[in-house]
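[1] sequence unknown, structure follows:
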């Protein structure tokens with residue numbers, strides 16, 4: 001019976017796939033905005049801290065949308081706050097906005113997915129996130145995006161993450177109705193980004209790929225090869241785009257890798273993990289650490305904790321992605337984890353919680369308590385990650 005169960009889990013799973021987002025990729029493509037927004041729309045232009053006004057993106061967007069009525073809403077935080085987003089919801093309702101345009105990175109786009117969900121919702125809008133009611137929300141406001149920071153893949157997927165600042169909670173939500181209508185991806189926007197944000201984007205995309213790849217052996221051969229291609233590309237171009245963000249070859253491959261890492265392709269027919277993300281979200285919510293950096297803190301120790309479950313895939317990862325050979329499987333698997341940590345360090349990403357905060361004493365217990373309260377008892381591809389293991393992984397990561 002056990003052998004039969006294992007065999008069933010190794011075969012490529014059945015799946016359905018639909019990604020309705022129109023992706024417009026390349027230098028200067030912001031000019032195509034007007035062709036992709038319904039004529040006569042009243043647009044809510046949503047962005048973050050104002051950097052788009054310094055790097056020329058704002059001017060391009062305004063020029064391309066000159067034939068529309070535009071209302072602006074700025075100030076979306078990294079890890080967008082529910083409280084801030086609700087101010088935008090009021091504007092949408094009061095001004096009768098009928099199209100949202102997100103100009104920013106993953107946080108701005110995620111925030112606009114919440115706006116899309118909340119606009120027509122009758123009730124406590126936080127329930128869309130905390131209770132998963134977004135999946136039942138049928139009437140949503142359409143939105144498009146102009147990507148300014150490759151990282152999350154939110155420009156071509158239907159998931160999002162929102163933070164409730166008042167309770168220090170960072171939660172995921174989504175549903176098939178939250179795909180952007182279109183996304184414009186111009187790799188030249190990377191030129192103006194600080195190195196810290198570029199490094200975050202590389203690690204974010206890298207870890208998204210690992211969450212869908214570093215599980216256990218299965219028969220979906222192509223999915224593994226695509227994932228390995230993304231990982232190898234990020235390893236190759238990561239240092240180049242950090243050194244010279246104006247290198248269009250490196251920038252375009254970085255942007256496309258980040259999109260491909262989480263547009264739904266990699267997960268088709270395969271087991272996926274995502275326990276790293278669920279634990280890491282708590283570190284961001286509690287300590288305000290950049291999302292990518294919390295992933296870099298948690299992922300290596302989750303792999304160590306679940307070493308036996310992931311060993312075969314770690315060996316494959318070590319051989320195919322890092323070119324390791326000539327050692328035992330255990331040594332290759334262990335070295336693959338260390339190579340991952342070294343790659344993060346090469347991007348100036350620290351991998352210990354204590355590198356970011358001295359207020360870590362109760363973090364593991366808080367994570368345990370939150371997982372227990374939410375009844376998160378079976379996360380990961382083998383459903384082994386629950387409150388106790390999450391606590392142990394955080395303790396290993398300090």
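    On my side now, so go ahead. Note that the structure is predicted; figures quoted are calculated from it, not measured.
[2] please work out how many residues are found near residue 328.
    9 (other C-beta atoms under 10 Å). C-beta coordinates here come from the backbone N, C-alpha and C atoms, glycine included.
[3] now swap in residue 375 and tell me
    9.
[4] go on, residue 40?
    10.
[5] and if you look at residue 309?
    Residue 309 is flanked by 17 other residues according to other C-beta under 10 Å.
[6] can you give me the strands for this protein?
    Assigned by DSSP state E, the strands in the chain fall at 22-25, 42-46, 69-73, 99-104, 143-147, 159-164, 169-174, 182-185.
[7] export the ones you listed to a markdown table and tack on distance to residue 353, mean pLDDT and mean neighbour count?
    Shown next, in a markdown table, are those (distance: least, C-beta to C-beta, whole Å; pLDDT from 0 to 100; neighbours: other C-beta atoms under 10 Å):
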| stretch | distance to residue 353 | mean pLDDT | mean neighbour count |
| --- | --- | --- | --- |
| strand 22-25 | 36 | 98 | 17 |
| strand 42-46 | 32 | 98 | 22 |
| strand 69-73 | 34 | 98 | 16 |
| strand 99-104 | 27 | 98 | 27 |
| strand 143-147 | 30 | 98 | 27 |
| strand 159-164 | 18 | 97 | 23 |
| strand 169-174 | 16 | 95 | 20 |
| strand 182-185 | 33 | 98 | 24 |
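[8] could I get these as TSV with distance to residue 36?
    Converted to TSV, these look like this (distance: least, C-beta to C-beta, whole Å):
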stretch	distance to residue 36
strand 22-25	7
strand 42-46	12
strand 69-73	15
strand 99-104	10
strand 143-147	6
strand 159-164	21
strand 169-174	22
strand 182-185	5
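[9] please name the nearest non-neighbouring residue to the most centrally placed residue in the chain.
    By C-alpha atoms, centre = their mean, the chain has its centre lying nearest to residue 152, at 3.3 Å. Leaving out its chain neighbours, the residue that sits closest to residue 152 by C-beta to C-beta, 6 or more residues apart in numbering is residue 106, at 2.9 Å.
[10] how much space between that neighbour and residue 145?
    Look at residue 106 and residue 145: by C-beta to C-beta, to the nearest Å, they are 10 Å apart.
[11] overlap in contacts of those two?
    The overlap between the contact sets of residue 106 and residue 145 (C-beta atoms under 8 Å, 6 or more residues apart in numbering) consists of residue 154.
[12] low-confidence stretches in the stretch 1-150 of the chain?
    Applying pLDDT under 70 to the stretch 1-150 of the chain picks out residues 1-9.
[13] where are the low-confidence patches of the stretch 151-300 of the chain?
    For the stretch 151-300 of the chain, no stretch has pLDDT under 70.
[14] what lies in contact with the longest helix along the chain?
    Criterion DSSP state H: the longest helix present in the chain is helix 221-243. For helix 221-243, the surrounding residues in contact (C-beta under 8 Å, 6+ apart) are 190, 195, 198-199, 202, 205-206, 209-210, 212-213, 247, 249-251, 253-254, 257, 260-261, 265-266, 268-270, 316-317, 320-321, 343, 346-347.
[15] just the buried residues from those residues, in PyMOL please.
    Buried members of the contacts of helix 221-243, defined by 16 or more other C-beta atoms under 10 Å, are picked up in PyMOL with:
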select buried, resi 190+198+199+202+205+206+209+210+212+213+247+250+251+253+254+257+260+261+265+266+268+269+270+316+317+320+321+343+347
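[16] so which of the contacts of helix 221-243 sit within helices?
    Those of the contacts of helix 221-243 mapping onto helices are 195, 198-199, 202, 205-206, 209-210, 212-213, 249-251, 253-254, 257, 260-261, 316-317, 320, 343, 346, per DSSP H.
[17] pull the contacting residues for residue 95.
    Shown in contact with residue 95 (C-beta under 8 Å, 6+ apart): 42, 44, 71.
[18] the nearest residue to the second one once chain neighbours are set aside: neighbour count?
    The reference is to residue 44. Leaving aside its sequence neighbours, residue 44 sits nearest to residue 97 (C-beta to C-beta, 6+ apart; 4.4 Å). The local packing of residue 97 (other C-beta under 10 Å) involves 23 other residues.
[19] for residue 45, see how far away residue 97 is.
    10 Å.
[20] joint contacts of the two?
    Both residue 97 and residue 45 are contacted by residue 71, under the criterion C-beta under 8 Å, 6+ apart.
[21] surely residue 339 is in contact with residue 319?
    No: Residue 339 is beyond contact range of residue 319, at 11.4 Å (criterion: C-beta atoms under 8 Å).
[22] which one's more surrounded, those two?
    Neighbour count, other C-beta under 10 Å: between residue 339 and residue 319, residue 339 has more, with 18 against 15.
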